[in-house]
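Visitor: below are the sequence and a predicted model; questions follow.
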Amino acid sequence: MEAQNVTRFRLTVKGNVKMLTMMDSFATEGRYELSARGANSMRPELQEYVLEEKEVKLTDYFDPNTYQLIEYVNRLASIYNRQHICISKDGAIRGLLNLPEIKTKWEGLKKELMQVNPVAAFEVIRHRDREMDQPVAIIDNLSNTHFMQLFLSDYGAQQELPAKRQTATPDRMGIGFMMPVVQTFRKDQREAGYTIHTEAVLDNSGRIDKGMITRVTGQQELDIRHFTRGSFQHTADGVLQSAEMTVFEQLNEEYKSDLYLQLEKIG
């Protein structure tokens, strides 16, 4: 299936993270190409897209170790630099069509890691091998990346307006639990187009696996908070021009994450 249109974006991410005594600030800039492929032939209620990550670079950091860490993370994530996905009308990834391609990339990267330092790479390889056997886990991880968080939020919001809904989202610090949230959506009409506003706050009636959090972090006293606010600017015919999102998450005073995402259409 040929691409119907290709849109190029620049994504800037700025973050502040605190984990116990470790505090860090960083900024990255990435370039992406998003191709619309139309309805899936087997399930026409799903829309196909191909996302290609062209470049991601660290532009600012506080801790000198951050550079090496980001480079390592980006190398591991490079197997996902091309994603052929199916998206439902509510903004959820329901299929990953190029999984065999991703698995082939992983096998190549795994050999490279084993040649460099097999002892240090053992645990990383074991974890990623398990992930490759769980397509649902892969999709969950892809949905939580910075670009996809913006794109899927906007895509789903356009179908939901006006609405409030309860849902759950993976935590932003990578601990592995789901954060129950209440999302609201609003649309403001402008002369040259429209802006969609989204907001999410912690759903106090939802379930959180506090046992997992304590096992992973060692923290007994928790004061969990979450707040997300986003705005998405479109032309009159619905083309996304820019977006901004702030995401704040806290487990307690020792574990906090504050992210700012800015997306801009560049072609």
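Guide: Received it, and whenever you're ready, just let me know what you need. Residues are numbered from 1 along each chain as shown.

Visitor: state the mean pLDDT of stretch 44-64.
Guide: Averaged across stretch 44-64, pLDDT comes to 92.

Visitor: i'd like the first residue to be 698 from this point on
Guide: That works, and once the first residue is 698, the last one we named lands at stretch 741-761.

Visitor: the stretch 798-947 of the chain: strands as residue ranges?
Guide: Along the stretch 798-947 of the chain, the stretches classed as strands by DSSP state E, counting those that start in this stretch are 860-867, 875-887, 890-899, 922-932, 937-949.

Visitor: among the ones you listed, which is nearest R707?
Guide: strand 937-949 (9.8 Å; Cβ to Cβ). All C-beta atoms are positioned from the backbone trio N, CA, C, and that covers glycine.

Visitor: may I have that closest one as CSV, with CA atoms only?
Guide: Taking Å, rounded to 0.1, in the frame of the first residue of the first chain, the C-alpha atoms of strand 937-949 are listed here in CSV:
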residue,chain,number,x,y,z
LEU,A,937,-1.7,18.9,12.6
GLN,A,938,0.6,21.9,12.6
SER,A,939,2.1,21.9,16.1
ALA,A,940,1.5,20.5,19.6
GLU,A,941,2.6,21.0,23.1
MET,A,942,2.3,18.8,26.1
THR,A,943,3.4,18.8,29.7
VAL,A,944,3.5,15.7,31.8
PHE,A,945,4.1,15.6,35.6
GLU,A,946,4.3,12.5,37.6
GLN,A,947,5.2,11.8,41.2
LEU,A,948,5.4,8.7,43.4
ASN,A,949,6.5,10.7,46.4
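
Visitor: assumed I776 was part of a strand.
Guide: No. I776 is assigned helix when assessed by DSSP: H, G, I helix; E, B strand; the rest coil, not a strand.

Visitor: tell me who's in contact with it.
Guide: Contacts for I776 were tallied using Cβ atoms under 8 Å, 6 or more residues apart in numbering; they are I799, K802, W803, L806.

Visitor: taking the residues you listed, tell me the two that lie furthest apart.
Guide: Largest pairwise distance in the contacts of I776, by Cβ to Cβ, is 10.5 Å, between I799 and L806.
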